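Q: got a structure for you, letters missing:
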């Protein structure tokens, strides 16, 4: 039975896990991880993807990727194919280096993003590979603390969820990571990484979900005016074709411009994220 196609949401955030075939190691030396750094930078630039967090473990890797108009698969397949070829030139093997199908979960930027980042950065600690997240060299955690980081890593978006001031944001981020060592917190992180539970929402993001996003309101107002529709009708129960099409157009434009997350747009329209995702898929 064929596997279902992956959901592609332009502007969406995805937690990607790519494992070695039969859980075999995918790195032999530090140079291998450096090769992967280079390949990820090239692939994300080529396919207009943005990396918000990463961690290179022994037999698997984690990436938190935000896609653009191109599907996530373009980026991940390029990374896996190029790295496998380079690895297998140095160590002749037969068969696949990676499992055939990578794992990817769509992340709600408002409710799950920070927990997923914490989960990724604490992976080496949970595995007993490091005592503290900052002791592990092959993740984006140090970049979030303000230390030198890969040029293709973006930390500003997630840090802004803690505070607009960079220094305060990094300090609060460090406290957030430190609080993640408790068993209860690890369960929350595991649930967020699996897409099963929401973490406590940041106060600023909660405000945005309830109409505080001026850029989103401006976009809705402009597009509704062009369509001859009252802005309030966007959140009405009506499912007439014209309104459904307009909701889809607004969501596509808002996500494409980076104005708002899928969850935030859904909340503003009084729709569930899953129903809005279905509208976007039907349009495509």
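A: Good, I have the coordinates. Because the structure is predicted, anything quoted here is derived from the model rather than measured. Numbering: from 1, shown residues only.

Q: would you say residue 105 is within a strand?
A: Yes. Counting by DSSP: H, G, I helix; E, B strand; the rest coil, residue 105 is located in a strand.

Q: neighbours around it, how many?
A: A count of neighbours around residue 105, defined by other C-beta atoms under 10 Å, yields 17. In this view, the C-beta of every residue, glycine as well, is placed from N, C-alpha and C.

Q: again with the one 3 residues further on
A: Residues lying near residue 108 (other C-beta under 10 Å) number 22.

Q: what secondary structure does the spatially closest residue to it that is not a sequence neighbour sit in?
A: Distances taken as C-beta to C-beta, 6 or more residues apart in numbering place residue 263 nearest to residue 108, at 4.6 Å, with adjacent residues excluded. Secondary structure, three-state DSSP: residue 263 is helix.

Q: wait, doesn't residue 263 sit right on residue 110?
A: Yes. Using C-beta atoms under 8 Å, residue 263 is in contact with residue 110, at 4.8 Å.

Q: and the closest residue to residue 113 other than its chain neighbours, what are its bridge partners?
A: In space, and not counting its chain neighbours, residue 113 is closest to residue 107: 5.8 Å by C-beta to C-beta, 6+ apart. According to DSSP bridges, the partner residues bridging residue 107 are residue 13.

Q: Contacts only, for residue 107.
A: 12-15, 64, 113, 116, 195 (C-beta atoms under 8 Å, 6 or more residues apart in numbering).

Q: if we go to 10 Å?
A: For residue 107, the contact set (C-beta atoms under 10 Å, 6 or more residues apart in numbering) comprises 12-15, 52, 64-66, 113, 115-117, 192-193, 195, 261-263.

Q: what does residue 123 give?
A: Counting by C-beta under 10 Å, 6+ apart, residue 123 has contacts 55-57, 60-62, 129-130, 133, 136, 139, 141, 189, 193.
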